[in-house]
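[1] coords please:
(one chain, ligands or ions: 1)
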Amino acid sequence: MARQRLIGHLASHLIIGSQKLRNCSDATHSQISMELPPWAPFLAVVLATILFFKVVFRRKGTCNLPPGPKPWPIIGNLNLIGALPHRSIHALSRQYGPLMQLRFGSFPVVVGSSAEMAKLFLKTHDVVFTDRPRTAAGKYTGYDNSTITWSPYNAHWRQARRVCLAELFSARRLESYAYIRREEMRALLCGLHEASGRLVLLKDHLSTLSLNVISRMVLGRKYLEKQAAGEDGSATMAPEEFKCMIDELFFLNGVLNIGDSIPWLDWMDLQGYVRRMKKLSKKFDRFLEHVLDDHNERRRLQGDNFVSRDMVDVLLEIAGDPNLEVKLHRNGVKAFIQDLIAGGTETTAITVEWAMSEMLKKPEVFSKATEELDRVVGRERWVTEDDIPNLPYVEAIVKETMRLHPVAPMLAPRLSREDASVGGYNIPVGTRVLINVWSIGRDPAVWDSPEEFVPERFVGSKIDIKGHDFELLPFGSGRRMCPGYSLGLKVIHVSLANLLHGFVCELPDGVATDQLSMEEIFGLSTPRKFPLQVVMKPKLPGHLYARGH
Ligand code: HEM
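    Model prediction:
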């Protein structure tokens, strides 16, 4: 109706305009007929028609948009977004509803913040919302959008996902690397035992575990250790430096960079993020170049006897396949490797650190988990991956942690590839889409006492975290869902279970549980603002902690 009224209004405006022109021409007929060329009326009709269709066409995409705050010129609603965007957006959604329209600078952004909306975007209309927006992070830190994470929806991305599914994360491939996870888990537990009684930064130990697991699976060895360096030791870097690079990568991939929202301000790089991205990508590239040279050299030396031993070997083999649908160039391989290392390192460590933080505030959860572990595993051995299906309470702790602290609180942004109608509203092509899973995890319509850490809610519950239950989506869902979720879950479950099984964990002297800060930092992932410091005390028989046991 509104559109018809507008069209009617416009038509009458044009008619009145042309009548005015006619009246005017009556009055000054001789003058105008002398000044206007004979094709002028024709031009006027063409212009009016173009204008008419432009307005009608534009209205088609932009009317009936979801509700949202009124945007300011130039900045849109950026003034409403604070340092923790998922929380600012959560507060706005409470006001405007589970489907909300915002404007970040020049770009429309739609936010879904209920399980129902998540399902509409990620399942019902998945194929429409499978694209990613072009961002500075994708360009500068993602090999010009060649990483799986930032790649647009195209043949390159589809091929990469197929490789993940069939080659890198198949059950068979993950099983073949089980010994690496076992060895590195043991190294974590021994390391913590050696540090027992002293204050430790838990995340340091946890990210060493995940970095070592992922390095050995992807790169074939721990490139980040001094003893693993080349002859001159020049090509490797200290693990601490590499971890900082990964933290920086996650931060820069999640920031609200002004140039991404207001492109004509891009060149000024007002926040300095682009400068940091360029610097970081150079560091990653130096490292990845070395990794590729090293692998190609081994392949050359071994000739016909060459056997793939890690994911880089598999990728290089695939890249060499002349029948590949989309050529995988050197940068494409490096982008792939960077995605695997980054995806596999930060995410698991952050989740276990949050789980331990929540439990320190609720000692009864510790006791229940310990009771389950004693009953199922006993005190004479460590927990293995095979034990996990028999540890429902430990699994419930992981789900509850991911509900309250999803690693990527708004997943990674998506982009609509065509006009769509979602929940009765129009979502025009080119709209950026955020799914606020942080908000969904706190929806009082779904969860009792949503702010409370209560693992019991998942014991005996059918709700899973593998993308089918839209009230709990730590890995996303649909075509863009995290391809590494099963590896991530294996590392999280076993490391958390073994920390609980093998140690009493305490806050430093003088720090009361209610003083433990639960503040977070926003990025593509959301770690604790203040890393967790604890004292770990062993509680299993001493021989289990011996290296090489
Ligand atoms: C606790 C562990 C993990 C969590 C919580 C997690 C979470 C996520 C999330 C939320 C997304 C975005 C999904 C979307 O846009 O809908 C994602 C994407 C991705 N993850 Fe993970 N992830 C984890 C572990 C891993 C691991 C171990 C790897 C690889 C070794 C990995 C590699 C990736 C990649 C490559 C993407 C991009 C997928 C695409 O855009 O098509 N992740 N992950």
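
[2] What pLDDT is listed against A355?
    A355 is assigned 98 on the pLDDT scale.

[3] And L224, by the same measure?
    In this model, L224 carries a pLDDT of 67.

[4] Next one, pLDDT for R547 please.
    pLDDT, R547: 79.

[5] Which residues of this protein lie near the ligand?
    148-149, 161, 339-340, 343-344, 347-348, 351, 407-408, 411-412, 474-476, 480-485, 487-488, 492 (CB under 6 Å from any ligand atom). Using the backbone N, CA and C atoms, a C-beta is placed for each residue, glycine as well.

[6] Check which element follows the helix or strand encompassing K282 along the chain.
    K282 belongs to helix 273-302 when assigned by DSSP states H and E. Helices and strands here follow DSSP H and E; after helix 273-302, the next one along the chain is helix 311-319.

[7] how much space between L415 and the ligand?
    According to CB to the nearest ligand atom, to the nearest Å, L415 stands 11 Å off from the ligand.

[8] That residue: neighbour count?
    Applying other CB atoms under 10 Å, we find 19 residues neighbouring L415.

[9] Looks like it contacts T135 (just checking).
    No. With contact defined as CB atoms under 8 Å, L415 does not reach T135; the gap is 10.2 Å.

[10] what's the overlap in contacts for those two?
    Shared contacts of L415 and T135, defined by CB atoms under 8 Å, 6 or more residues apart in numbering, are absent.

[11] Helices of the stretch 301-450 of the chain, start to end?
    311-319, 330-360, 363-376, 392-404, 437-440 (DSSP state H, counting those that start in this stretch).

[12] I meant the stretch 1-150 of the chain, not that one.
    2-27, 29-35, 40-62, 85-96, 115-119, 136-141.

[13] next one: the stretch 151-300 of the chain
    With DSSP H, counting those that start in this stretch as the criterion, the stretch 151-300 of the chain has helices spanning 155-163, 171-176, 178-194, 202-214, 239-254, 258-261, 273-302.

[14] Adding mean pLDDT and mean neighbour count, write those out as a markdown table.
    As requested, the helices of the stretch 151-300 of the chain are exported to a markdown table (pLDDT from 0 to 100; neighbours: other CB atoms under 10 Å):
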| stretch | mean pLDDT | mean neighbour count |
| --- | --- | --- |
| helix 155-163 | 95 | 17 |
| helix 171-176 | 94 | 12 |
| helix 178-194 | 96 | 18 |
| helix 202-214 | 93 | 23 |
| helix 239-254 | 89 | 20 |
| helix 258-261 | 96 | 22 |
| helix 273-302 | 96 | 16 |
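
[15] okay, now the nearest residue to R442 once chain neighbours are set aside: neighbour count?
    Excluding the flanking residues, the one nearest R442 by CB to CB, 6 or more residues apart in numbering is P450, at 4.4 Å. If you count neighbours by other CB under 10 Å, P450 ends up with 15.

[16] which residues touch P450?
    441-444 are the contacts of P450 under CB under 8 Å, 6+ apart.

[17] for L188, same thing?
    L188 touches 205-206, 208-209, 495, 498, counting by CB under 8 Å, 6+ apart.

[18] cool, and K466?
    Contacts of K466 (CB under 8 Å, 6+ apart): 475, 485.

[19] Please identify the helix or strand for it.
    Using DSSP H and E, no helix or strand contains K466.

[20] Check the residue nearest the centre of the chain and give its pLDDT.
    By CA atoms, centre = their mean, the chain has its centre lying nearest to A412, at 4.1 Å. On pLDDT, A412 comes in at 95.

[21] shift numbering so it begins at 110
    Fine by me, first position is 110 from now on; the one you just mentioned is A521.

[22] Check the contact between it and R589; I expect there is one.
    Yes. Counting by CB under 8 Å, R589 is a contact partner of A521 at 7.2 Å.

[23] Please enumerate the shared neighbours of those two.
    In contact with both A521 and R589: R241, using CB under 8 Å, 6+ apart.

[24] Run a quick neighbour tally on the residue nearest to V563 when sequence neighbours are not counted.
    In space, V563 comes closest to E509 once its chain neighbours are excluded; the distance is 6.6 Å by CB to CB, 6+ apart. The criterion is other CB under 10 Å. On that basis, E509 has 23 neighbouring residues.

[25] That concludes my questions; thank you for your assistance.
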